[in-house]
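1. here is the input, now give the coordinates:
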Amino acid sequence: MQNIKLSELVKHNPSTTIFLNEHHIDYCCGGDHFLYESLEEQGYEIKSTLKKLETFIAEQDEKHNKVIAGDIYTMGLRELISHLLATHHKDERALLSSIDGNLLTLLSAHYPRHKAELREVYTLFSTLRTELMLHFVQEEEEVFPLMQSEATKEAYDKVVALESEHEEAGDLIKSLIKATNDFTAPSDGCATYRATYALLKQLVEDIFLHIYKENSILFPKYAEGVDA
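-> Next up, the predicted model:
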């Protein structure tokens, strides 16, 4: 298993997205990396971590398969784009709106005790929110319609640019995870504090799946029809 690429690992074992998220292993932008390379990069002992991963897959596979339906790999281009719009674009917009309001509430309520953390979290979140909203519009109004109408090198260049944006989003997310202490609210944090961090974690996990589906399924599927 250690010699498998992360994108292939997730494709054949969808439940591993939870394990990889918890271990801060980037399977969306880093999908071409081998599992053993990512484990080494994060400082994990390979043999014991692989054993934990195998146990996790056995326990969670049936449950998490519902998150990435098996037929997503056989969807046509148009169907896959419709799936992304109806799930990730819609859900992430709603989460971004909820989290933004909650963080503004927290800034007012907890500023005296947690101003350094909350200022950093809100700054990172605001940057991520802006980039995602612009990214959604670009996909919906420009790139996705182009992908559905033609398969040209010029159109594919726009797809490659989207992959670069995914990497930038991935870097922001890593900083956000660190700033929130793995989405763990302070011991004196209120219920809203804990709920907001839980929503942030939900957003991040959805973004990871979103990027994975585009980078490892949608974009390669589109590239198959592009003339070199």
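
2. so what's the model's average confidence on stretch 11-22?
-> For stretch 11-22, mean pLDDT rounds to 73.

3. can you check stretch 126-146 too?
-> 93.

4. would you mark the buried spots in it?
-> 128, 129, 132, 135, 136, 139, 143, 144, 146 (16 or more other C-beta atoms under 10 Å). Yep, even glycine has a C-beta here, placed from its N, CA and C like the rest.

5. ok, which stretches of this structure are helices?
-> 6-12, 16-22, 35-41, 46-64, 77-84, 90-138, 144-149, 153-179, 191-213, 219-223 (DSSP state H).

6. including distance to residue 71, could the ones you listed go into CSV?
-> Output for the helices of the chain, formatted as CSV (distance: least, C-beta to C-beta, whole Å):
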stretch, distance to residue 71
helix 6-12, 13
helix 16-22, 17
helix 35-41, 25
helix 46-64, 16
helix 77-84, 9
helix 90-138, 19
helix 144-149, 19
helix 153-179, 23
helix 191-213, 13
helix 219-223, 14
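
7. relative to residue 185, which of those helices is closest?
-> When the helices of the chain are compared by C-beta to C-beta, helix 191-213 sits nearest residue 185, at 4.3 Å.

8. list the helices and strands that closest one packs on?
-> The contact analysis (3 or more C-beta pairs under 8 Å, 6 or more residues apart in numbering; DSSP states H and E) places helix 191-213 against helix 16-22, helix 77-84, helix 90-138, helix 153-179.

9. measure how that helix sits relative to helix 90-138, angle-wise.
-> Relative orientation of helix 191-213 with respect to helix 90-138: 50 degrees, computed using axes from the mean of the first three to the mean of the last three C-alpha atoms, to 10 degrees.

10. what about helix 191-213, average pLDDT?
-> 89.

11. buried set for that helix?
-> Those would be 193, 196-197, 199-204, 206-213, for helix 191-213 by 16+ other C-beta under 10 Å.

12. try stretch 154-169
-> Those buried within stretch 154-169 under the rule 16+ other C-beta under 10 Å are 155, 156, 159, 162, 165, 166, 169.

13. and which of these is nearest residue 53?
-> For these, the residue nearest residue 53 by C-beta to C-beta is residue 166; the value is 24.1 Å.

14. please name the nearest non-neighbouring residue to that closest one.
-> Of all residues not flanking residue 166 in the chain, residue 211 sits nearest, at 4.8 Å (C-beta to C-beta, 6 or more residues apart in numbering).

15. the one you found against residue 164, yeah?
-> No. Assessed by C-beta atoms under 8 Å, residue 211 is found out of contact with residue 164, at 11.8 Å.

16. so residue 98 makes contact with residue 199?
-> Yes. The pair residue 98 / residue 199 is scored as a contact, 6.0 Å apart, by C-beta under 8 Å.
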